[in-house]
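K.L.:
just the structure for this:
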Amino acid sequence: MSRTILAMGGGGFMMEPSNPALDDFVVSLARSREPKILFLPTASGDPNAQISSFRATFGDRACRPLQLSLFRLEQHPADLRKLILSQDIVYVGGGSMRNLLAIWREHGLDKLMREAWESGIVLAGISAGAMCWFQNGITRSAGQPAPAAGLGFLPGSMTVHADGDPSRLPVFLDAIARGVIPDGYAADDGVGLVFEDEQLVRVVSSRPAARAYRVQRGAEGAIRTVIEPELLVAASHGLRRDVPADIREFRAERYGAAGRR
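P.N.:
Residues are numbered from 1 along each chain as shown. Predicted coordinates for the structure are as follows:
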């Protein structure tokens, strides 16, 4: 069984709500027709606005959306292993990469995520939620961009928002040039890197001008090689205005009457 990770440099429902191409693509990676997708907004402290945006976006798609709020477990207790391993897709939001991983380790999610990945559950993430799967990323958790260790599921390193936050890329290039972090990838906002069993197999984008880069250490510094992504088109067939009754009931049980749309 292949192991899939989608690492997105930015975009999606949190950055471009009027462009559903990346969100459609996330759902398309699942192996089931009506996949269960679990959103973890841990990196931003489980903000209500981010959770509401997730519900609004994926509530109209052919999937069963849920969120896991680690900051609110006392209000909504959950068997974390059972919940995570019952999903088809786990989607990790952006924010602080260092804080995300510290909280995950406290709850044992670092080990659970590896178990989920090795069992065939698709792992997807944006910004901090993209970099966390690699050996290293460039985080702004302490203010200025700096290298930080990730989970190491994927070999190498990654930096995000290469075009949207220009302060990150020079730090990434310098760290690779000096051998502080291993070779890796930089992704513009809107770009997604798809890995199967640790190998990059596809690069997609929701934006025409967005790019990805392979960055390697060379004799005279870091060498960038452009990777032209495949431009995604929003799949209108992924929308489900006519949500089946069982999914309406599922959402109503979780979200109340508002989930019956």
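K.L.:
in the stretch 151-261 of the chain, where is pLDDT below threshold?
P.N.:
Applying pLDDT under 70 to the stretch 151-261 of the chain picks out residues 235-261.
K.L.:
so I84 is in which element?
P.N.:
helix 80-85 (DSSP states H and E).
K.L.:
who are the packing partners of that helix?
P.N.:
helix 109-118 (3 or more C-beta pairs under 8 Å, 6 or more residues apart in numbering; DSSP states H and E). Heads up, the C-betas are built off the backbone N, CA and C, glycines and all.
K.L.:
mind listing what's buried along the helix it packs on?
P.N.:
Under the neighbour-count criterion of 16 or more other C-beta atoms under 10 Å, helix 109-118 has L109, D110, L112, M113, R114, A116, W117 buried.
K.L.:
and whichever strand or helix holds L101, how far from the chain's centre?
P.N.:
Assigned by DSSP H and E, L101 belongs to helix 97-107. The chain centre lies 15 Å from the centre of helix 97-107; the measure is C-alpha atoms, centre = their mean, to the nearest Å.
K.L.:
packing partners for that helix?
P.N.:
The helices and strands touching helix 97-107, judged by 3+ C-beta pairs under 8 Å, 6+ apart, are helix 109-118, helix 128-131, strand 134-139, strand 146-149.
K.L.:
isn't A234 up against L22?
P.N.:
No. If you go by C-beta atoms under 8 Å, A234 and L22 don't touch, sitting 9.1 Å apart.
K.L.:
more crowded one of the two?
P.N.:
L22 (26 against 16; other C-beta atoms under 10 Å).
K.L.:
pretty sure that one sits in a strand.
P.N.:
No. Assigned with DSSP: H, G, I helix; E, B strand; the rest coil, L22 falls outside any strand and is helix.
K.L.:
next, the distance between the ends of stretch 68-75.
P.N.:
12 Å (C-alpha to C-alpha, to the nearest Å).
K.L.:
over to stretch 56-74?
P.N.:
For stretch 56-74, by C-alpha to C-alpha, the gap between its terminal residues amounts to 25 Å.
K.L.:
spatially nearest residue to S53, not counting backbone neighbours?
P.N.:
F13 (5.4 Å; C-beta to C-beta, 6 or more residues apart in numbering).
K.L.:
go on, V26?
P.N.:
With sequence-adjacent residues excluded and distances taken as C-beta to C-beta, 6+ apart, V26 is closest to A124, at 5.2 Å.
K.L.:
partner residues bridging the one you found?
P.N.:
L6, Y91 (DSSP bridges).
K.L.:
and it, what does it touch?
P.N.:
I5, L6, M8, V26, L29, I89, V90, Y91, V92 (C-beta atoms under 8 Å, 6 or more residues apart in numbering).
K.L.:
let's see that with 6 Å instead.
P.N.:
A124 makes contact with L6, V26, I89, Y91, according to C-beta atoms under 6 Å, 6 or more residues apart in numbering.
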